[in-house]
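S.K.: My questions are about this predicted structure, shown below with the sequence.
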Amino acid sequence: MKKLLIMCGTGIATSTVVKGKVEQWLKDNNLSQEVKIYQSKVSDEIGRIDEYDVVLSTTLVPDKIKDKVIDGVPLLTGIGVDSMYDKVLAEIKRE
């Protein structure tokens, strides 16, 4: 099972919105059984980022972890959502 982390600045507001949308997308694409979702704030996860297979963030992240994080802002703006989900799917399917 893949571990997907959704994080924002506080781990409360925008990550909750994004989590709901990602859960629906997983369900719609028959991926719910393949992914466990975690929700947190950036400051709590910086040192543990490698524990997750997929990381979505709605806030800026430090440069040292930027290459491991997918920008989740499209789920808030509605712009670039398909491209973002393509990246998430590629990480879920990665062996």
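M.R.: All right, it came through fine.
S.K.: any idea how far T10 is from the closest residue to G9 other than its chain neighbours?
M.R.: Spatial nearest neighbour of G9, excluding adjacent residues (C-beta to C-beta, 6 or more residues apart in numbering): T59 at 4.4 Å. Just so you know, the C-beta spots here come from the backbone N, C-alpha and C atoms, and that holds for glycine as well. To T10, T59 is 9 Å away according to C-beta to C-beta, to the nearest Å.
S.K.: L60 too?
M.R.: On the measure of C-beta to C-beta, L60 and T10 end up 13 Å apart.
S.K.: Output the lowest mean pLDDT helix or strand found in the protein.
M.R.: helix 63-66 (a mean of 88; mean pLDDT, DSSP states H and E).
S.K.: I would like the residues contacting that helix, please.
M.R.: Here helix 63-66 makes contact (C-beta atoms under 8 Å, 6 or more residues apart in numbering) with I46, I49, V55.
S.K.: got the buried residues for the helix or strand L75 falls within?
M.R.: Counting by DSSP states H and E, the element that carries L75 is helix 74-77. Going by neighbour count (16 or more other C-beta atoms under 10 Å), the buried part of helix 74-77 is P74, L75.
S.K.: which residues sit against it?
M.R.: For helix 74-77, the external contacting residues (C-beta under 8 Å, 6+ apart) are T14, V17, V18, K21, V22, L56, T58, G80, V81, S83, M84.
S.K.: ok, of those, which one's closest to V69?
M.R.: Nearest to V69 among these, counting by C-beta to C-beta, is L56 at 7.4 Å.
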